[in-house]
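Q: fold the following for me, if possible:
(one chain, ligands or ions: 2)
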Amino acid sequence: MADGAVVDVVLPDGSRRSVPAGTAVGTVLSEWAPDRASQFLAASIEGAAVDLAAPIRAGRLAPLTFEDKAGRDVLQHSSAHLVAKALVETIPEARPTVGPPTDEGFYYDFDVRPLTPGDLDAVRASMDRSIRAREPFRRRELPKADAEKLFATNPYKLRYISEVPPGEPVSVYDTGDFTDLCRGPHVPDTSWLQGVHVLGFSAITPDAADAKPLQRVRGVGFPTRGELDAYLKMRAEAARRDHRTIGQQQELFFFAEQVPGFPFWLPHGMVVVRELEKFVTEHLRAAGYSEIRTPLLFAKSVFETSGHWEMYRENMFTSEIDGQEFGWKPMNCPGAMLIFGSRARSYRELPLRLAEFAPLHRLEASGTLHGLLRVRELVQDDAHVFVTEEQIESEIRVLLAWIRDAFTTFRLAWSYELSTRPPKFLGEVADWDRAEAILERLLKESGVAYRVSPGEGAFYGPKIDIHIRDSMNRPWQTGTIQLDYQIPRRFGLEYQGADGQLHQPVVVHRTILGTWERFLGVLIEHCAGRWPPWLAPVQVRVLPVADRHAEAARGLADELRAGQVRVEVTGSEESLPKRVRTAEVDRIPYVAVVGDREAADGSVSVRVRGVKEGRTYSRPEFLAYVTERIRKREFDP
Ligand SMILES: [Zn+2]
Ligand SMILES: [Zn+2]
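A: Ligands and ions are numbered 1, 2, ... in the order given. Model prediction:
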């Protein structure tokens, strides 16, 4: 480039600058936004990620920070380099293979002897030294032959080098005395990696048939130590609340090796499932739904009509019956469509609201199964509502009100996502526009936060997804409300309108809590196993102080049971303080103690979960108090 040449760049705010050729990208950016420069991890020029130390090129220039996916990846991947440097320093014969960023953080796989916790300590110590030494990430570009020489003892890197197109240089990054093959970019130096933490290691076997087992080191990186500490704290709290652990402690459910992904509901878990069902069913009755039950499996032809055979077949379990192929339903839609189409329908029947809580089967990959959060057999609070165009608005309004009731009851925060017409769609633009306008107006009216995802709707209709946040502010997707203009057409569904003509109904597929399994998994973690009294498998535990109070304790338990309260009595084999402590560990909402005084005057001393002071009630008062809290579905006891 000629002396005095300038390069024209456009910054994210639209401003333009001409800078001398050879200026570092980072210099241009920090002059543009000096107060934010410390957050810039790398940059992008015309969408391609580059190091801050790279010479400027013409085009649109933007910083990459931890807020961007690409910036986050730069930090994670730079951390992976640091891990590789430290591991090779600890075990010189280790051969690094790949170290990509992941959704959570990063990993690096090594061809090395099995690691030990001691190795990990040494790795962490080496990383700390490197971070203190502020070692720069230096980029070099080499001819292929030189790169091959540099990585002559590492067959993994040689394979990657062989994949670089002929004539193109190979880029490597030096960090201190460690060199890794890499396209980059990276953070400027290791001092940017103070918020990096190595989480652990495990043996893995890569997919390739001839592959040998590798050791994977996993970690996570944040821009600052403070953010890392907050994350680690949150992670420990999440582990404490893990629904799989609490499910075992409280004997809610279990999974058997012989049927992976199929939950077994234990008596305590079943209590919660039934209470949840009752809660939903009360709404369905009030909102004019009817309940149906349709077969669990259908001949292939039904799924061909519904479109599942084409779109969803890899996720379906199939069976052969009488030489014919059947599929286990992954969704309830086909059964509801067949019921609607089973006889002539009139507009007077609409909206026709058909709810179904049938077990559904989905062939999820075994590697993705995760406790109750991803299973192969599940039940949804599912319903299909058949409506005319004019009825869409009132139906959706009722649904949004129900969502408010439901999630308020569970003290979950929720928001909506409206997905609109995709490039490929079915039906008339005018119908889509009208339906989308109705949905958006109702969302606005609801006062709940929502965002619009343009073009993300299904090809058969727009949809509203419900996103919830639990008490740890973790996001979960639960229910969805989906308008469908296509499935009635595929099943040839019609009703006779007031005009005497035949019309096609619109189908609203809606599930609000999602699946019992997933929702309960989330709920367990949300409340850390401290069930609201109405859901608690055991609502009251009665503790007789001594053997001589056993009869009075049983009498109290019988009264509570007669009042529909779930109660158990724990005998006096163990000391009272010990049993009180156990009830706390078991997160029992109400503990009722019966001793001499209580047995004599028919009272009961009560400890309410989470409340320090005990209280004394007469037996009828206590029953009234507990049943009122349960009836109102209060979140706290
Ligand atoms: Zn790299
Ligand atoms: Zn459906």
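Q: flag every residue of the protein that's near ligand 2.
A: Cys333, His509 (CB under 5 Å from the ion). From N, CA and C alone the C-beta is placed, and that goes for glycine too.
Q: try it again with 8 Å
A: Met331, Asn332, Cys333, Ala336, Asp382, His384, Gln482, Asp484, Ile487, Val507, His509 (CB under 8 Å from the ion).
Q: which one of these has the most neighbours?
A: Val507 (27 neighbours; other CB atoms under 10 Å).
Q: tell me the one of the residues of the chain next to ligand 2 nearest Arg132?
A: Arg132 has its nearest neighbour among the residues of the chain next to ligand 2 in Gln482, at 54.7 Å by CB to CB.
Q: phi, psi of Phe255?
A: Dihedral pair for Phe255: phi -120, psi 140, per degrees, to the nearest 10.
Q: name the nearest residue to it, sequence neighbours excluded.
A: Once flanking residues are discounted, Phe255 sits nearest to Pro263: 6.4 Å by CB to CB, 6 or more residues apart in numbering.
Q: list the contacts of the one you found.
A: Phe253, Phe254, Phe255, Leu372, Val375, Glu377, Glu517 (CB atoms under 8 Å, 6 or more residues apart in numbering).
Q: quick one, which of those residues are buried?
A: Phe253, Phe255, Leu372, Val375, Glu377, Glu517 (16 or more other CB atoms under 10 Å).
Q: so which of those residues sit within helices?
A: Under the assignment DSSP state H, those contribute Glu517 to helices.
Q: can you list the buried ones among the contacts of Pro263 in a markdown table and add distance to Ala365 and pLDDT?
A: Shown next, in a markdown table, are the buried ones among the contacts of Pro263 (distance: CB to CB, whole Å; pLDDT from 0 to 100):
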| residue | distance to Ala365 | pLDDT |
| --- | --- | --- |
| Phe253 | 21 | 97 |
| Phe255 | 16 | 96 |
| Leu372 | 17 | 95 |
| Val375 | 12 | 96 |
| Glu377 | 15 | 97 |
| Glu517 | 17 | 96 |
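Q: can you redo the residues of the chain next to ligand 2 as JSON lines with distance to Pro359 and pLDDT?
A: Formatted as JSON lines, those follow (distance: CB to CB, whole Å; pLDDT from 0 to 100):
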{"residue": "Met331", "distance to Pro359": "12", "pLDDT": "94"}
{"residue": "Asn332", "distance to Pro359": "10", "pLDDT": "95"}
{"residue": "Cys333", "distance to Pro359": "15", "pLDDT": "94"}
{"residue": "Ala336", "distance to Pro359": "15", "pLDDT": "97"}
{"residue": "Asp382", "distance to Pro359": "11", "pLDDT": "96"}
{"residue": "His384", "distance to Pro359": "17", "pLDDT": "97"}
{"residue": "Gln482", "distance to Pro359": "21", "pLDDT": "93"}
{"residue": "Asp484", "distance to Pro359": "23", "pLDDT": "91"}
{"residue": "Ile487", "distance to Pro359": "21", "pLDDT": "91"}
{"residue": "Val507", "distance to Pro359": "22", "pLDDT": "95"}
{"residue": "His509", "distance to Pro359": "18", "pLDDT": "95"}
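Q: for the most centrally placed residue in the chain, which residues make a bridge with it?
A: Closest residue to the average C-alpha location of the chain: Trp476 at 4.4 Å, with CA atoms, centre = their mean. Here Trp476 sits in beta bridges with Ile468, going by DSSP bridges.
Q: now swap in Ala42 and tell me
A: The partner residues for Ala42, given DSSP bridges, come to Leu64.
Q: who touches it in this structure?
A: Ala42 neighbours (CB under 8 Å, 6+ apart): Ala49, Val50, Asp51, Leu52, Pro63, Leu64, Ala70, Gly71, Val74, Pro185, His186, Val187.
Q: who touches the closest residue to ligand 2 within the stretch 501-637 of the chain in this structure?
A: Closest contact between the stretch 501-637 of the chain and ligand 2, by CB to the ion, is at His509 (3.4 Å). If a contact means CB under 8 Å, 6+ apart, then His509 has Cys333, Asp382, His384, Thr480, Ile481, Gln482, Asp484 as its contacts.
Q: ok, it to Tyr347 distance?
A: 21 Å (CB to CB, to the nearest Å).
Q: same deal with Val626?
A: On the measure of CB to CB, Val626 and Tyr347 end up 48 Å apart.
Q: which residue of those two possesses the greater neighbour count?
A: Val626 (24 against 14).
Q: contact partners for the more buried one?
A: By CB under 8 Å, 6+ apart, the residues touching Val626 are Pro533, Gln539, Val540, Leu560, Gly563, Val565, Tyr590.
Q: just the ones of the residues you listed in strands?
A: Val540, Tyr590 (DSSP state E).
Q: buried only: go through the contacts of Val626 for me.
A: Pro533, Gln539, Val540, Leu560, Val565, Tyr590.
Q: so who does the fifth one touch?
A: In this case it means Val565. Val565 neighbours (CB under 8 Å, 6+ apart): Gln539, Val540, Leu623, Val626, Thr627, Ile630.
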